[in-house]
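Colleague: below is the structure, and that's it, no one-letter string:
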């Protein structure tokens, strides 16, 4: 298989340059393979472009020469891959708000994230009590616009 060839080259590079895999490099390698499985075989340069990182910087992260990245870069990678576990790998805490599991399909995660951001910002902008029936109705409307349906929204208490 052609993808395994690129992994073998990467492993040989790490071995010959005395680079030890780090948790971040292993995480990035796994995500790169997943990305290739979805998008076809592509060079690291194409993945760097997709992640909006420079190819040399991504190479340093993947080879283990750089063991950690900034929170901003980790968040950028998390958004692009739809997997926020990179934050744990880098020692950062998950962002506040609702956690969207990375086990959901990417398109669903993205629609859900956008809908939740819109619900939050709209409720804040309108000054609505987030626990009110008005907020629940608004949330249902916004979810429907993002092709997400609700069976019911119940408030406890």
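Modeller: That came through, no problem. From a predicted model like this one, the values you see are computed outputs, not experimental measurements.
Colleague: quick one: contacts of stretch 86-95?
Modeller: Applying Cβ atoms under 8 Å, 6 or more residues apart in numbering, the external contacts of stretch 86-95 come out as 23, 24, 27, 68, 69, 71, 74, 75, 77, 78, 84. For the C-beta atoms, the positions are set from N, CA and C on the backbone; glycine is no exception.
Colleague: counting by contacts, list what the longest helix belonging to the chain packs against.
Modeller: Taking residue count as the measure and DSSP state H as the definition, the longest helix of the chain comes out as helix 106-126. Here helix 106-126 is seen to pack against helix 133-145 when contacts are counted using 3 or more Cβ pairs under 8 Å, 6 or more residues apart in numbering; DSSP states H and E.
Colleague: so which other helices or strands are in contact with the helix it packs on?
Modeller: Packing contacts for helix 133-145, counted by 3+ Cβ pairs under 8 Å, 6+ apart, involve helix 106-126.
Colleague: any buried residues in the longest helix of the chain, and which?
Modeller: 109, 111, 112, 113, 115, 116, 118, 119, 123 (16 or more other Cβ atoms under 10 Å).
Colleague: before we move on, which element is residue 79 in?
Modeller: Under the assignment given by DSSP states H and E, the secondary-structure element containing residue 79 is helix 71-81.
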